[in-house]
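In: Dropping a prediction and its sequence here:
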Amino acid sequence: MARKARTKELGRPVASDSEATRANILAAAKACFGSTGFRSTSNRDIAEKAGVTAATIYYYFKNKSDLFITVHHEVQAKILGVARKVMEEATSLTEAWIEMSQGIFELHKGDPDIARFNAVVRQEGVRHPEIAEVRYDQEWRDIFRKLAELGISTGEIDPARERELRAVLSVLNFGISHHAVESSVSAHEACIRGLTDLLRGELITPVKT
């Protein structure tokens with residue numbers, strides 16, 4: 001008597017497959033949202049790029065808003081991971097910011113979709129109330145505060161100018177993300193190199209009077 005063919009067990013995917021599928025959906029969503037924004041991106045677009053069905057997305061995420069917010073948390077975790085590691089060993093404000101910028105540059109170079117998504121996330125949060133929470137960046141505010149405190153402790157900045165410094169750091173952080181999207185890798189690398197020299201006082205020579 002011929003044996004019956006074994007049928008594949010139905011049910012939830014095994015853990016390794018499930019984690020890989022979720023990661024694949026997040027990567028596809030990051031690319032789609034970074035390219036066309038929140039509203040113009042559909043779950044079908046993301047599913048097609050991820051190579052899954054649209055229904056599969058709902059197995060892992062409640063809706064498109066949940067997916068966008070999750071991508072944001074994943075992206076910030078990677079970038080903040082670089083910043084926190086630098087802060088653990090930082091001995092000066094100048095060198096800490098330089099190392100942070102260079103580390104984030106390497107992250108952007110390895111995954112350009114990180115920069116593309118990060119460049120649109122704030123604006124999308126303003127436009128769409130359902131994802132408004134992505135606008136809040138308390139963790140970055142804490143890092144800027146720690147950088148300022150480090151600069152004060154080393155004598156690099158006047159304590160009276162702490163607020164100005166934190167504002168400048170915020171602008172630099174925002175600008176670097178956008179420049180990573182709008183320029184080539186070599187141009188962005190030149191930008192980071194120029195910023196490094198600027199902070200070290202090696203890019204602009206004061207005019208002698």
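Out: Structure's in. What do you need?
In: now residue 62, what's its secondary structure?
Out: coil (DSSP: H, G, I helix; E, B strand; the rest coil).
In: Also the one 10 residues further on?
Out: Using three-state DSSP as the criterion, the local structure at residue 72 reads helix.
In: Excluding covalently adjacent residues, which one is nearest to it?
Out: Closest residue in space to residue 72, ignoring its immediate chain neighbours: residue 134 at 4.6 Å, by CB to CB, 6 or more residues apart in numbering. Where C-beta positions appear, they are placed from N, C-alpha and C, glycine not excepted.
In: Just give me the neighbour total for the residue lying closest to residue 159 once chain neighbours are set aside.
Out: What sits nearest to residue 159 in space, not counting adjacent residues and going by CB to CB, 6+ apart, is residue 152, at 5.0 Å. Neighbour count for residue 152, taken as other CB atoms under 10 Å: 17.
In: ok, residue 152 to residue 198 distance?
Out: Using CB to CB, to the nearest Å, we find residue 152 at a distance of 20 Å from residue 198.
In: Surely residue 178 and residue 121 touch.
Out: No - judged on CB atoms under 8 Å, residue 178 makes no contact with residue 121 at a distance of 11.5 Å.
In: Which one's more surrounded, these two?
Out: residue 121 (24 against 13).
In: Hmm, that one is touching residue 136, no?
Out: No - checked against CB under 8 Å, the pair residue 121 and residue 136 is beyond contact range at 11.2 Å.
In: where in the chain is pLDDT low?
Out: Applying pLDDT under 70 to the chain flags residues 1-16.
In: same thing but at 50, please
Out: Low-confidence segments of the chain, defined by pLDDT under 50: 1-12.
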